[in-house]
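Visitor: just need the structure, nothing else, for what follows:
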Amino acid sequence: MKKAFLPSTLYAIMQQLHFFSDEIAARYGKKLYRIPLDLALGCPNRPDRFGDGCTFCAEDGSRARHLARHLELAKQVQTGIEFAAGRYGATPPYLAYFQSYTNTYDSLEKLRSIYEEALQHPRISGIVVGTRPDCVNDLILDYFEDLSKKTYVMIEYGIESTDNKTLEFINRGHDYQCAVDAINATAKRNIYTGAHLILGLPGESRETILSHADKMNELPITALKLHQLQLVKGTIMAKQAKTNPEWFQFYTAEEYIDLTVDFIERLSPDIAIERFVSQSPKDLLISPDWGLKNFEFVAKVEKRLEERNARQGRKKLRVES
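Guide: Here you go, the predicted structure:
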């Protein structure tokens, strides 16, 4: 089962954090940049389908702002490569990243044509597919299993919380067991499997947030993405915060750094960390606005780990011993 490229014990000796970028570099000999693609597939939980959608979700479904969804896929790939090369100095190969909305929300026939068109580009060496746990089935997972034998495939699931009360409050449209089932079904097919959590959702205590790490440890996930709760214009949550501000507690950067370190110490070193924070566009972000780039936040987390003599999985390993 594909959980890690290198043994977690090696990471425990080498460094305080198990970064997913290190695994990719170990496999390919370099950092691989993801090329975000927007298929405009929508989502079963959007207002134009049924229900009111997830309360935190902006209208663009986490779309990369530099993308133009009217462009054909091949043009999006080329535009994305040029953007990554110009802004970050990225060099091939790249991963095609199907990020916005729900990228398994269509027929297998159409999805197959999309993924394989992206993979035909000579500079694309794999795909990462973001989706919801209630939008996969045996048919699509069997396809991913076959594809993963030929190229790199990772499926990233938006879990957001492991607490069913929270999932109901944010109108997620599925319970936590749905996520458990989807992740187990994916991992048993030997497909790299990622998960995503939002830290600081309304009603969640510090201990509830840290307990998410304990539950992630029980799952066969390859990698985990974290990010802070962000209040974004045009969302249901933004309206809720205006009428019921007492429901929300937004962390300062320093508070969130300490929370992140506490979370890391509970998280198994077998699980690679992809990121700690997300950055919504300035023109859409209401709160919190820390003014920190992702790499700056990572540096602060690493410094705090050193200050506290902490490392990933330290508290989990103590419990096991």
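Visitor: mind listing the strands for this protein?
Guide: 34-37, 94-98, 124-131, 152-160, 192-199, 223-228, 231-232, 272-275, 285-287 (DSSP state E).
Visitor: please report how far Gln78 lies from Phe295.
Guide: Look at Gln78 and Phe295: by C-beta to C-beta, to the nearest Å, they are 26 Å apart. Using the backbone N, CA and C atoms, a C-beta is placed for each residue, glycine as well.
Visitor: pLDDT weak spots in this structure?
Guide: Residue ranges of the chain with pLDDT under 70: 1-15, 46-51, 59-70, 317-321.
Visitor: picking up where we left off before, format the strands of the chain as TSV; extra columns: mean neighbour count.
Guide: Formatted as TSV, those follow (neighbours: other C-beta atoms under 10 Å):
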stretch	mean neighbour count
strand 34-37	24
strand 94-98	24
strand 124-131	22
strand 152-160	25
strand 192-199	23
strand 223-228	22
strand 231-232	20
strand 272-275	22
strand 285-287	15
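Visitor: list the contacts of stretch 299-308.
Guide: Gln16, Leu17, Ala253, Ile257, Asp258, Thr260, Val261, Ile264, Phe276, Leu292, Ala310, Arg311 (C-beta atoms under 8 Å, 6 or more residues apart in numbering).
Visitor: one more time with 6 Å, if that's ok
Guide: Gln16, Ile257, Thr260, Val261 (C-beta atoms under 6 Å, 6 or more residues apart in numbering).
Visitor: my read: the third one touches Val277, true?
Guide: No: using C-beta atoms under 6 Å, Thr260 is not in contact with Val277; the gap is 8.4 Å.
Visitor: hey, what's in contact with both of the two?
Guide: Here Thr260 and Val277 have no joint contacts, going by C-beta under 6 Å, 6+ apart.
Visitor: who does the nearest residue to Ser278 once chain neighbours are set aside form a beta bridge with?
Guide: Spatially, and ignoring its direct neighbours in sequence, Ser278 is nearest to His227 (3.6 Å; C-beta to C-beta, 6 or more residues apart in numbering). Per DSSP bridges, the residues bridged to His227 are Ile198.
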